[in-house]
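Chemist: Sequence and predicted structure are below.
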Amino acid sequence: MKRWLVTMIASGSLVLGACSNEEANQHENHQSKEAVHTEHEGHSDIREETASVEEMPAFLTNHNDDMKVLYLAAAKHKELLENIPCYCGCSNELIGHRSNYDCFIHETKENGAIVWDDHGTKCQVCLDIAAQAILDYKDGKSIQEIRSDVDKQYEEGYPQPTPTPEV
């Protein structure tokens, strides 16, 4: 994966059609946790199984290549992203995510099949956290350092993080 691509996604400079304008403004303006939670209640995530990580889900067909690259990178960085919380409000009872990894992958089956989740396609916070975590990991930061950086960046003005256990 090219560094510039991950950097572009992390900076939010792409027009992704991810969060709705209202939800994006809530994240950007750091409005109340309840408002973000309410927005997520209105979303219904699509889950799709493919034979392996190399086969992308059909729900990515209408998204640009940058989104596909980030989804593939997320799938290939399971250990990292399972240890990084998400701060978009997806830990609520309806969505129930435990980490940033869950925003992209619902399940990795023993036979190698992947159950993808389209949640990440709808939220810039999910995309930013994953892209920055992967970039930092490739630059040699430890999972603990990355986790600490994410927690500091999103500690104020965002919903409660997913219940991601500390490493």
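Modeler: Everything's here; your move.
Chemist: Tell me which stretches of the chain form helices.
Modeler: 3-11, 21-29, 33-41, 65-76, 78-81, 124-138, 143-154 (DSSP state H).
Chemist: which one of these has the lowest average pLDDT?
Modeler: Mean pLDDT values for the helices of the chain show the minimum at helix 33-41, a mean of 34.
Chemist: can you tell me how far the most centrally placed residue in the chain sits from Glu110?
Modeler: Centroid-nearest residue in the chain, with Cα atoms, centre = their mean: Cys126, separated by 3.1 Å. According to Cβ to Cβ, to the nearest Å, Cys126 stands 26 Å off from Glu110. Quick note: C-beta positions are derived from backbone N, CA and C, even for glycine.
Chemist: Equivalent analysis for Ala58, please.
Modeler: For Ala58, the distance to Glu110 (Cβ to Cβ) stands at 23 Å.
Chemist: Between those two, which is the more surrounded one?
Modeler: Ala58 (11 against 5; other Cβ atoms under 10 Å).
Chemist: What residues does that one make contact with?
Modeler: By Cβ atoms under 8 Å, 6 or more residues apart in numbering, the contact list for Ala58 reads Glu48.
Chemist: how does it look with 10 Å?
Modeler: Neighbouring residues of Ala58 by Cβ atoms under 10 Å, 6 or more residues apart in numbering: Ile46, Glu48, Thr50, Trp116.
Chemist: Surely the last one and Met67 touch.
Modeler: No. Counting by Cβ atoms under 10 Å, Trp116 sits too far from Met67 to count as a contact (11.9 Å).
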